[in-house]
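> Sharing a model that was predicted from the sequence below.
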Amino acid sequence: MENKHLNVSLTLAWVLTLAAILAGIGIILSDSAYLLYFGIALGFSSWIIILSDMIIMPIYNRPLWILSMIFLTLIAQVIYLVMRKKLISLQDKFDKK
């Protein structure tokens, strides 16, 4: 997948998102305060990175993606990272018409 104008590498965005999900699962299982802070830090940093990418990049249906980041945070992050390249190409396709 292409790293077109992403502030950090796409791999780092994936690692932060998946680590936040795993920390969330760990919080449920262990009830640890340190894991809670770690999960919040990872989740917030991945949220900022992906939201800034959504705002900067010309993606298809941007308002829907930004609203999904607000209401369905981790799910929207994973789906956006999977579909990022296709959303950019769709917007390019519609801009050319």
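Perfect, I can see it now. Numbers count the residues shown, from 1 in each chain.
> For the rest of this, base every contact and every neighbour count on C-alpha atoms.
Will do.
> what about the helices in the protein?
For the chain, the helices defined by DSSP state H occupy 10-30, 33-56, 62-71, 73-96.
> Dump those helices to CSV, plus mean neighbour count.
Formatted as CSV, these follow (neighbours: other C-alpha atoms under 10 Å):
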stretch, mean neighbour count
helix 10-30, 16
helix 33-56, 17
helix 62-71, 14
helix 73-96, 15
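> Centroid-nearest residue for the chain?
Note on the chain: the residue nearest the mean C-alpha position is Gln77, at 3.1 Å, using C-alpha atoms, centre = their mean.
> just to revisit the earlier point, okay if I get the helices of the chain as JSON lines plus mean pLDDT?
As requested, these are arranged in JSON lines below (pLDDT from 0 to 100):
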{"stretch": "helix 10-30", "mean pLDDT": "88"}
{"stretch": "helix 33-56", "mean pLDDT": "89"}
{"stretch": "helix 62-71", "mean pLDDT": "92"}
{"stretch": "helix 73-96", "mean pLDDT": "87"}
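> I'd guessed the residue nearest to the centre of the chain sits against Phe71; true?
No - proximity of Gln77 to Phe71 does not meet the contact threshold set by C-alpha atoms under 8 Å, at 11.1 Å.
> Distance check, Ala20 against Phe44.
9 Å (C-alpha to C-alpha, to the nearest Å).
> now swap in Thr17 and tell me
According to C-alpha to C-alpha, Thr17 stands 9 Å off from Phe44.
> same thing with Tyr60?
Counting by C-alpha to C-alpha, the gap from Tyr60 to Phe44 is 24 Å.
> And Asp95, by the same measure?
Distance from Asp95 to Phe44, by C-alpha to C-alpha: 32 Å.
> Then Tyr80?
As for Tyr80, its distance to Phe44 is 16 Å (criterion: C-alpha to C-alpha).
> same deal with Pro58?
Going from Pro58 to Phe44 by C-alpha to C-alpha gives 23 Å.
> As CSV, could you dump the C-alpha coordinates of stretch 28-48?
Extracted as CSV, the C-alpha positions of stretch 28-48 are listed here (Å, rounded to 0.1, in the frame of the first residue of the first chain):
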residue,chain,number,x,y,z
ILE,A,28,-10.9,-6.0,30.0
LEU,A,29,-9.1,-9.2,31.0
SER,A,30,-6.6,-7.9,33.6
ASP,A,31,-8.1,-4.6,34.9
SER,A,32,-4.7,-3.0,35.1
ALA,A,33,-4.3,0.8,35.5
TYR,A,34,-1.0,0.9,33.6
LEU,A,35,-2.4,-1.0,30.7
LEU,A,36,-5.3,1.5,30.7
TYR,A,37,-3.0,4.5,30.4
PHE,A,38,-0.9,2.7,27.8
GLY,A,39,-4.0,1.8,25.8
ILE,A,40,-5.4,5.4,26.0
ALA,A,41,-2.0,6.8,24.8
LEU,A,42,-1.8,4.3,21.9
GLY,A,43,-5.4,4.8,20.9
PHE,A,44,-5.2,8.6,21.0
SER,A,45,-2.0,8.7,19.0
SER,A,46,-3.3,6.4,16.3
TRP,A,47,-6.6,8.4,16.3
ILE,A,48,-4.8,11.7,15.7
